[in-house]
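**Q** I'd like to go over a predicted model; first the sequence, then the structure.
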Amino acid sequence: MKIAFRDLSIRNKLTAMQLVASSVSVLLLVALVLGYHVFLLHYEIVQKVATLSEIVGKNSAAALTFGDQKSAQETLSALGVEPNVLAARIVDRNGKPFVLFEKSGVGSTGSGATSLDFAYPATWFPGVSDPALAETIVLHAGDTRQADFHLVPIPSIHMRILTPPRVSNGPNAPPSQAFPIIQQVNSSGGGPNFVQISTRFDQQGQIDVGGLTPGLYQVRLAGPNQEGHVALVEVSANSARTLDLSTASRDMARITLRFDGITDSDSNSKAERNGGVQVTLIDTDTHRGSFSSNGNQGGGPNLGRRDQRDPSADRILEVPPGRYEVVLQGRPNIFLTGLTAKGAGAEAAGRYVTLGAGESTLTVHVASGRASLSGAATLDGKPSEGAMVLLVPITIEDPNSITMLRQDQTNTDGSFDLANVIPGQYILVAIDHGWQINWGDPSTLRRYLMQGVPVELKSSAIVKQNITAQAP
């Protein structure tokens, strides 16, 4: 039988009211305590993430500045010990992903993609993926123009790289880990571009590379004492590629580089029998990139290999078969005099070499003693200030010979100075306000060459030659 509250005795009514009041107080207290702990937990997580972000930011600042993805990836991978961190990424100043870290199996879908696993394809103004459709921007003196881009992310494409066995750097040093160097080949002929990638290493040292978009890529491994195996890989959407860089490919040209004409005085040390000269092969026909012989010199990652344990060893290059221009770097006083090629389909002509698949030997003939040329340009008997001075080789129209123009701008007194010039025969031209003309056009340049001054520069010569500037 139910008894209404009004029918209860005063004692029971007071007891019931006290019970309700106590229950409400306890519930409020529990809610406050739970709310406080939730707030505190959230605050601690936010503070910890902020602290971790600050630490990672400071430790990766140098890597971002110098584009060192390996160091940035190592810094970001340290977050793997934090149980609450599932994924993280570092972006550059333009907001584009630089490196990515994800714990295995986090946020995965049936295709292996994650919410952070995306990439930005190369985009040309005003927002097209085909460089042939890009808009040309013409800027005149004093012009100001705004060029806005809208970048659209797409699912990242992954590639698995099989690496050679790890090589120890010493009796007490751990085996070195190879790191992939990946460049996307520009179909417009602008040369390969370094791309921002994410990497994961398994226990066997094999590498999973993410952050790729459809296109042609030049891939090699970098690291101490690593063989410079290189490959060209075509990557398409919704594809998974496995690239074997553990051994040399039979489809590549493997070249042994040798030098003729370098003396002991050209070397930095007795062990440097090649005088510190770096040979770069430039694919000027199909624009698949450049391949350098010395991975220890500046200018970004190179594609050659020289065993660090033997500095005097021959240098080995692996490149796709084709025709290449040979360019010397590293020693400004040395210049190329000729090439000799032997082996599988190898032929040399002037500054160019054609290489076939297989083993070949390329002997680079060099000499030392570049020349210098200085003088003054005048117009109507007065110094020509700000005139363009061109030193044009007489072989400018011979693609197998020297085709590089040297240029300078005259000072207020009309003086100019051209240093480290390859010995040879040239035509000296000065054009008043010549920076406004299309001197890169052979037909336009030919008109000014008719009134130029012939100059012969011999090895180590220091020549002074004044010239009268031509009207533009």
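**A** Received, thanks. Residues are numbered from 1 along each chain as shown.
**Q** can you give me the helices in the protein?
**A** 10-59, 61-66, 69-77, 442-449 (DSSP state H).
**Q** pick the most deeply packed of the ones you listed.
**A** Most buried of those, by mean neighbour count (mean count of other Cβ atoms under 10 Å): helix 69-77, with a mean of 20. Placement of C-beta: from N, CA and C, glycine included.
**Q** okay, the angle between it and helix 10-59?
**A** Inter-element angle recorded for helix 69-77 and helix 10-59: 160 degrees (by axes from the mean of the first three to the mean of the last three Cα atoms, to 10 degrees).
**Q** make residue 1 into 25 and carry on from there
**A** All right, first residue 25 from here; so that's helix 93-101.
**Q** mean confidence score for helix 93-101?
**A** If you average the pLDDT over helix 93-101, you get 75.
**Q** run a quick neighbour tally on Arg113.
**A** Applying other Cβ atoms under 10 Å, we find 14 residues neighbouring Arg113.
**Q** next up, phi/psi of Asp92, please.
**A** Dihedral pair for Asp92: phi -90, psi 90, per degrees, to the nearest 10.
**Q** relative to Ala146, how far out is Leu240?
**A** According to Cβ to Cβ, to the nearest Å, Leu240 and Ala146 sit 12 Å apart.
**Q** what's the overlap in contacts for these two?
**A** Shared contacts of Leu240 and Ala146, defined by Cβ atoms under 8 Å, 6 or more residues apart in numbering, are found at Gln208.
**Q** ok, back up a step: out of the helices of the chain, the one nearest Ser153 is which?
**A** Smallest distance to Ser153 across the helices of the chain (Cβ to Cβ): 23.6 Å, for helix 93-101.
**Q** adding distance to Pro204, write the helices of the chain out as CSV.
**A** CSV is the format used below for these (distance: least, Cβ to Cβ, whole Å):
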stretch, distance to Pro204
helix 34-83, 22
helix 85-90, 16
helix 93-101, 9
helix 466-473, 41
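**Q** out of the ones you listed, flag the one nearest Ser263.
**A** The closest of these to Ser263 is helix 93-101. By Cβ to Cβ, the value is 22.8 Å.
**Q** now the closest one: how far from the chain's centre is it?
**A** Distance, stretch centre to chain centre, for helix 93-101: 16 Å (Cα atoms, centre = their mean, to the nearest Å).
**Q** output it in CSV with nothing but the alpha carbons.
**A** Only the C-alpha atoms of helix 93-101 are listed here, as CSV (Å, rounded to 0.1, in the frame of the first residue of the first chain):
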residue,chain,number,x,y,z
GLN,A,93,64.0,15.3,-44.5
LYS,A,94,66.0,12.5,-42.9
SER,A,95,66.8,14.5,-39.8
ALA,A,96,63.2,15.8,-39.6
GLN,A,97,61.8,12.3,-39.9
GLU,A,98,64.1,11.1,-37.1
THR,A,99,63.0,13.9,-34.9
LEU,A,100,59.3,13.2,-35.6
SER,A,101,59.7,9.5,-35.1
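**Q** point to the residue nearest the middle of the chain.
**A** Taking Cα atoms, centre = their mean, the centroid of the chain lies closest to Phe218, which sits 3.5 Å from it.
**Q** identify the bridge partners of it.
**A** Taking DSSP bridges as the rule, Phe218 bridges to Gln207.
**Q** now swap in Phe359 and tell me
**A** On the basis of DSSP bridges, Phe359 is bridged to Ala391.
**Q** the residue nearest to the centre of the chain contacts Phe90, doesn't it?
**A** No - assessed by Cβ atoms under 8 Å, Phe218 is found out of contact with Phe90, at 11.9 Å.
**Q** so where is the stretch 275-424 of the chain shaky, pLDDT-wise?
**A** The stretch 275-424 of the chain contains residues with pLDDT under 70 at 287-299, 311-313, 318-338, 423-424.
**Q** tell me the contacts of the nearest residue to Val487 once chain neighbours are set aside?
**A** Using Cβ to Cβ, 6 or more residues apart in numbering and skipping the chain neighbours, the partner closest in space to Val487 is Leu397 (5.0 Å). Leu397 makes contact with 415, 441-442, 445, 452, 479, 481, 487-489, according to Cβ under 8 Å, 6+ apart.
**Q** my guess is Trp459 contacts Leu414. True?
**A** No - using Cβ under 8 Å, Trp459 makes no contact with Leu414, being 11.1 Å away.
**Q** and these two? Which one has more around it.
**A** Leu414 (21 against 12).
**Q** how about the strands in the stretch 75-224 of the chain?
**A** 111-115, 121-126, 142-143, 178-179, 181-186, 203-208, 217-218, 222-225 (DSSP state E, counting those that start in this stretch).
**Q** just name the most buried of those strands.
**A** Each of the strands of the stretch 75-224 of the chain was scored by mean neighbour count; the highest is strand 121-126, a mean of 23, by mean count of other Cβ under 10 Å.
**Q** starting at the chain centroid, how far to that strand?
**A** Chain-centre distance of strand 121-126: 17 Å, with Cα atoms, centre = their mean.
**Q** and the average pLDDT for it is what?
**A** Here the average pLDDT along strand 121-126 is 75.
**Q** who does that strand pair up with?
**A** Here strand 121-126 has these sheet partners by DSSP bridges: strand 111-115 (antiparallel).
**Q** quick check: mean pLDDT of the partner strand?
**A** The average pLDDT within strand 111-115 is 80.
**Q** try stretch 468-482
**A** Stretch 468-482 comes out at a mean pLDDT of 89.
**Q** any chance you could give me that stretch in CSV, C-alpha atoms only?
**A** Taking Å, rounded to 0.1, in the frame of the first residue of the first chain, the C-alpha atoms of stretch 468-482 are listed here in CSV:
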residue,chain,number,x,y,z
THR,A,468,69.1,38.7,-82.6
LEU,A,469,72.5,37.9,-81.1
ARG,A,470,74.0,37.4,-84.6
ARG,A,471,73.3,41.0,-85.5
TYR,A,472,75.4,42.3,-82.6
LEU,A,473,78.2,39.7,-83.2
MET,A,474,78.9,41.3,-86.6
GLN,A,475,80.3,44.4,-84.8
GLY,A,476,81.9,42.6,-81.9
VAL,A,477,85.6,42.3,-81.1
PRO,A,478,87.4,38.9,-81.7
VAL,A,479,89.4,37.8,-78.7
GLU,A,480,91.6,34.7,-78.2
LEU,A,481,92.2,33.6,-74.6
LYS,A,482,95.0,31.2,-74.0
